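K.L.:
Mind looking at a prediction? Sequence and model below.
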Amino acid sequence: MANPSLLILPGDGIGPEVMAEVKRVIGWLGEKRGLAFDVSEDAVGGAAYEKYGVPLDDSTMAKAQAVDAVLLGAVGGPKYDTLDFALKPERGLLRLRKEMDLYANLRPAQCFDALADFSSLKRDVVAGLDILIVRELTSGVYFGEPRGIFTEGGERVGINTQRYTESQIERVARSAFELARKRAKKVTSVEKANVMESGILWREVVTRIRDAEYPDIELGHMYADNCAMQLVRAPKQFDVILTDNLFGDILSDCAAMLTGSLGMLPSASLGAPMANGRPKAMYEPVHGSAPDIAGQGKANPIATILSFAMALRYSYDLGDEATRIETAIEKVLADGVRTADLMGPEGGTPVTTSGMGDAILAALDASL
Ligand code: NAD
Ligand code: IPM
Ligand code: MN
């Protein structure tokens, strides 16, 4: 049988730096665990603009559609700010999500015990935190029509449209309820039904799916602004948060800080099952290309390594190996190994991006 396939798209800024550490982990799995992957690599974002003249070439899109999973670093950077809208790096990422129809974006936020004192919140508020944000990823205001900048009555007007169909809400709601079944069986659905019709429909559809198909799951509803506040006040009240594309983007950056750093948060973007029974999938850290620290060896590679661990679990049926990697990371953090973003007043051993990779590989070796 052919080896499982993986397309790596490092992207821009710190993307290639953190991806280099994932490649070492993949090499380790091959060497020490006999797990070979058919790995290919291509460009996305600004790197693709430089290579192909567009933020995602059709040939790359075709490769992404054909593999078992895609692993993406990050896209964007000030260098590309003045490009035409259609050529911006972010358009490449959004095209991948849309054309692969990756409607369920899983963004788990877990607070490793070793980082509980490092969070900007009190230890008691975050210690033991384990929440999962399920963000709708293919619709909403990111993709709704009409959109654009138009001239109206002698001045310009910028327009984006929040748009959700019932079936789009149904499928991501089912993803959230299925995931909740394997966790604490509690879903909080987040919208602004007080001011948005799309929010009213969202709430109605989510409630109908729960009542008809998931009566065992506890369902609550919350307005997005209150959810942002509750995430900071008492985040452990949540198990699964189900929300739309834009609210999910904002709330997941907020949740990242509950874990200590944006450099810790992985994600899986999942679509419909493929012929192999596994979902179409792309894995990516929640953070961006971090232009302020790019090229300095300061980036924390953990979010991207944890994203690859999610790929092992959801795309390759290698949950034990995913757990092995997660445990190795937990150990490294407990040993006080710290990239700059994790360095607090309590100190620790400062390491560079590749130093963190070294420590994780050593912990993996020790796990054998
Ligand atoms: P960002 O996530 O790149 O950075 C925000 C802050 O977090 C910065 O101070 C950065 O140094 C820090 N940070 C992020 N990741 C880190 C890591 N792994 N280790 C240590 N520190 C880390 O967000 P931004 O600055 O608003 O955006 C920069 C660019 O990235 C923009 O072009 C934006 O569109 C893009 N972006 C891309 C993605 C993606 O590719 N998925 C996600 C978010 C932002
Ligand atoms: C993310 C990013 C993206 C988003 C951008 C870069 C398109 O912020 O993945 O969180 O807004 O979805
Ligand atoms: Mn974001």
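P.N.:
Looks like it arrived, so ask away. Ligands and ions are numbered 1, 2, ... in the order given.
K.L.:
Low-confidence regions, this structure specifically.
P.N.:
Low-confidence segments of the chain (pLDDT under 70): none present.
K.L.:
need the strands for it, in chain order.
P.N.:
5-11, 38-41, 69-74, 104-110, 130-136, 144-152, 155-161, 186-191, 218-223, 240-243, 268-273, 279-283, 337-338, 349-350 (DSSP state E).
K.L.:
Can you add distance to Arg233 and mean neighbour count and give those back as a markdown table?
P.N.:
Heads up, the C-betas are built off the backbone N, CA and C, glycines and all. Below are these laid out as a markdown table (distance: least, Cβ to Cβ, whole Å; neighbours: other Cβ atoms under 10 Å):
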| stretch | distance to Arg233 | mean neighbour count |
| --- | --- | --- |
| strand 5-11 | 35 | 24 |
| strand 38-41 | 43 | 14 |
| strand 69-74 | 30 | 28 |
| strand 104-110 | 15 | 24 |
| strand 130-136 | 14 | 24 |
| strand 144-152 | 31 | 10 |
| strand 155-161 | 30 | 10 |
| strand 186-191 | 14 | 24 |
| strand 218-223 | 12 | 17 |
| strand 240-243 | 14 | 28 |
| strand 268-273 | 27 | 20 |
| strand 279-283 | 31 | 24 |
| strand 337-338 | 27 | 24 |
| strand 349-350 | 32 | 13 |
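K.L.:
As JSON lines, those strands with distance to Ser315 would be great.
P.N.:
JSON lines is the format used below for the strands of the chain (distance: least, Cβ to Cβ, whole Å):
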{"stretch": "strand 5-11", "distance to Ser315": "8"}
{"stretch": "strand 38-41", "distance to Ser315": "13"}
{"stretch": "strand 69-74", "distance to Ser315": "4"}
{"stretch": "strand 104-110", "distance to Ser315": "12"}
{"stretch": "strand 130-136", "distance to Ser315": "17"}
{"stretch": "strand 144-152", "distance to Ser315": "29"}
{"stretch": "strand 155-161", "distance to Ser315": "32"}
{"stretch": "strand 186-191", "distance to Ser315": "24"}
{"stretch": "strand 218-223", "distance to Ser315": "29"}
{"stretch": "strand 240-243", "distance to Ser315": "21"}
{"stretch": "strand 268-273", "distance to Ser315": "8"}
{"stretch": "strand 279-283", "distance to Ser315": "5"}
{"stretch": "strand 337-338", "distance to Ser315": "28"}
{"stretch": "strand 349-350", "distance to Ser315": "33"}
